[in-house]
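J.: turn this into a model:
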Amino acid sequence: MKVAVFGGTGFVGSYIIDELIDNNHEPVVQVREGSESKLANSEKCKIVPGSLDDIQSIESTIKGADAIIYCVGIIREFPKKGVTFEKLHFEAPKKCIDIANSMGVKRFIMMSANGVKVDGTGYQKTKYLAEEYLKFSDLDWTIFQPSLIFGDPRGEGRPEFCSQLKKDMLSLPFPAPNFHAGLNPMNAGKFAMSPIHVKDVAQFFVKSIELKESVKKTFALGGEAYYWKDIVTTIAKSYGKKKWMVPAPALGIQALATFLGRFSWFPITKDQITMLIEGNICESKEFYNSFKIEQTPFNTETLSYLNS
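T.: Presented below is the predicted three-dimensional model:
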């Protein structure tokens, strides 16, 4: 099948491209100028130059497609560069949905995130609004809501949680923060996430293309739940380190991030801390079974890419 892909040069998108090719699909990928080298297996893809601001490029990418995958996502905003949640998580997918509808391409598969909500952070709200817009369209949609995605980012410029955590926190010569809400340090680290491997996510996307049972359904994706301390310990252990942790009040870090989060060198934003201490867990065993996917565990072996 011919599959139009938006976000194919990103972390998750690059694995989706691999999975499409391995399953004999033909990826048609919109690629921004200067990002051509980021496209995996480019010789096996049809490349459409352009950006999500370019209606003609979007139309050219979608034309003749049997299905569309939208997996564009950012983890922080840089408004002065035109990089915002509103633009890339809501306005851009809305454009793609409208164009798909007008061109008669019915199958639309979208990347969202676990825990999205209308009254959440900018990240959560814009993802939620895109979901709602897609659900009220006439398309045959499927929405995937992954928890924490991990896996080899395969190059610079592709944010991946474990690599970023190692670089920005765990490699520093002082203890890692064990965040907690409120003022009681006894609550430190009492939030959990359900890490899911990027290859598993890619398989869900590609298998859903022809799986009728996935149409007009939303799937929260995640693996086994781990507390923050266990996640930090496992990441550090994967590259041969032992990391001490100290309680850190989220309010203090959020206050600092309010002023410094707009700078790319500051490792975390206020909203990211908010979402972190909310936790992000889900149970997906049923979905793994119905899609016939073998779950990849979160352990030192599957984190071995951090040892480079």
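
J.: and stretch 3-12, which residues are buried?
T.: 3-12 (16 or more other Cβ atoms under 10 Å). (Each C-beta comes from the backbone N, C-alpha and C, glycine too.)

J.: what's the mean pLDDT across that stretch?
T.: Per-region confidence: stretch 3-12 scores 97 on mean pLDDT.

J.: what about Ile209, how many neighbours?
T.: For Ile209, the neighbour count with other Cβ atoms under 10 Å is 19.

J.: name the nearest residue to it, sequence neighbours excluded.
T.: In space, and not counting its chain neighbours, Ile209 is closest to Ala67: 4.9 Å by Cβ to Cβ, 6 or more residues apart in numbering.

J.: could you list everything that neighbour pairs with in the sheet?
T.: Val3, Arg107 (DSSP bridges).

J.: now do it, the pLDDT please.
T.: If you check Ala67, the pLDDT there is 98.

J.: state the distance from it to Cys282.
T.: Distance, Ala67 to Cys282, using Cβ to Cβ, to the nearest Å: 25 Å.

J.: point out the other helices and strands that the helix or strand bottoming out on mean pLDDT in the chain packs with.
T.: In the chain, no helix or strand scores lower on mean pLDDT, DSSP states H and E than helix 250-260, which sits at a mean of 79. In terms of contacts (3 or more Cβ pairs under 8 Å, 6 or more residues apart in numbering; DSSP states H and E), helix 250-260 is packed against strand 176-180, helix 270-278.

J.: would JSON lines of the ones you listed with mean neighbour count be doable?
T.: JSON lines is the format used below for the helices and strands packed on helix 250-260 (neighbours: other Cβ atoms under 10 Å):
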{"stretch": "strand 176-180", "mean neighbour count": "21"}
{"stretch": "helix 270-278", "mean neighbour count": "18"}
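
J.: which residues of the stretch 101-250 of the chain fall in helices?
T.: With helices called from DSSP state H, counting those that start in this stretch, the stretch 101-250 of the chain shows them at 122-135, 161-165, 198-208, 228-238, 250-260.

J.: returning to that earlier point: please list the members of the buried residues of stretch 3-12 that lie in strands.
T.: In strands, judged by DSSP state E, the following of those are found: 3-6.

J.: any chance of TSV for those, columns distance to His25?
T.: TSV is the format used below for those (distance: Cβ to Cβ, whole Å):
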residue	distance to His25
Val3	5
Ala4	11
Val5	10
Phe6	15
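
J.: list just the nearest of these to Ser42.
T.: Of all those, Val5 has the smallest distance to Ser42: 12.3 Å, by Cβ to Cβ.

J.: right, and that closest one touches Gln30 too?
T.: Yes - look at Val5 against Gln30 with Cβ atoms under 8 Å: they come within range, at 7.3 Å.

J.: need the overlap of contacts for those two.
T.: Thr61 (Cβ atoms under 8 Å, 6 or more residues apart in numbering).

J.: now do the end-to-end distance for stretch 37-46.
T.: In stretch 37-46, first residue to last residue: 14 Å (Cα to Cα, to the nearest Å).

J.: give the buried residues for it.
T.: Applying a neighbour-count criterion of 16+ other Cβ under 10 Å, one finds 38-40, 42, 45 buried in stretch 37-46.

J.: which of the residues you listed sits closest to Lys292?
T.: Nearest to Lys292 out of the buried residues of stretch 37-46 is Ala40 (Cβ to Cβ; 24.1 Å).

J.: for the closest residue to that closest one other than its chain neighbours, phi and psi?
T.: Take Ala40 and drop its neighbours on the chain: the residue closest to it by Cβ to Cβ, 6+ apart is Ser14, 4.5 Å away. Main-chain torsions, Ser14, degrees, to the nearest 10: phi -60, psi -40.

J.: from Ser112, how far off is Ser14?
T.: As judged by Cβ to Cβ, Ser14 and Ser112 stand 19 Å apart.

J.: now Asn178
T.: As judged by Cβ to Cβ, Asn178 and Ser112 stand 29 Å apart.

J.: and for Ala40?
T.: As judged by Cβ to Cβ, Ala40 and Ser112 stand 23 Å apart.

J.: leaving aside the residues next to it on the chain, what's closest to Gly64?
T.: Closest residue to Gly64 apart from its sequence neighbours, by Cβ to Cβ, 6+ apart: Lys2 at 6.0 Å.
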